[in-house]
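S.K.: turn this into a model:
(one chain, ligands or ions: 1)
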Amino acid sequence: MATLDKPALKRKLKEKAGLVCERHIFLCLGPNCEPEIGKKTWRLLRKRFKELASEGRYFNCTELRCCSLCRSGPIAIVYPEGVYYSEVTPERCERIIDEHLVNGNVVEEFAFAKVPLLQIDSVSKKTEKKD
Ligand code: FES
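M.R.: Predicted coordinates for the structure are as follows:
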């Protein structure tokens, strides 16, 4: 097996802009989340992310079909913070992009929950305690 070449792998990741991102937003386009508004918001996200990529800022978006909340949609979730946003219209999405994704400030007036990802270290420590 070849030896691990971390710098080469990192360079390759940077070349593949879609694989490197500062934040990731999931947007529900499901039937109970105002899908027409969601589609407009989705197009805006794609357009803005292309513009930001040309400035060297990379973000990812993924469309969801349902995240089991099914009210006050479109629902969007931003990671790594795990912030849940409701009624994400294109106008709200502009603010979420500018304030949260780009500048790291949660748009509190649209956010209704925060469920951050578990840190790998804390998972490892829990597993170690059981052993
Ligand atoms: S359709 Fe969006 S949460 Fe269910």
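S.K.: select the longest helix from the protein.
M.R.: Criterion DSSP state H: the longest helix present in the chain is helix 35-54.
S.K.: what is it packed up against?
M.R.: strand 23-28, strand 59-64, helix 90-95 (3 or more CB pairs under 8 Å, 6 or more residues apart in numbering; DSSP states H and E). Heads up, the C-betas are built off the backbone N, CA and C, glycines and all.
S.K.: would the next helix or strand after the second one count as contacting the ligand?
M.R.: Meaning strand 59-64. The helix or strand immediately downstream of strand 59-64 is strand 76-79, counting by DSSP states H and E. No - applying CB under 6 Å from any ligand atom, one finds strand 76-79 out of contact with the ligand, separated by at least 10.1 Å.
S.K.: of all the residues in this protein, which one is nearest the ligand?
M.R.: residue 30 (2.5 Å; CB to the nearest ligand atom).
S.K.: and stretch 86-94, end to end?
M.R.: Stretch 86-94 has an end-to-end distance of 14 Å (CA to CA, to the nearest Å).
S.K.: for that stretch, buried residues please.
M.R.: For stretch 86-94, burial by neighbour count (16 or more other CB atoms under 10 Å) applies to 86, 87, 88, 92, 93.
S.K.: any chance of JSON lines for those, columns distance to the ligand?
M.R.: Shown next, in JSON lines, are the buried residues of stretch 86-94 (distance: CB to the nearest ligand atom, whole Å):
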{"residue": "86", "distance to the ligand": "10"}
{"residue": "87", "distance to the ligand": "12"}
{"residue": "88", "distance to the ligand": "11"}
{"residue": "92", "distance to the ligand": "15"}
{"residue": "93", "distance to the ligand": "15"}
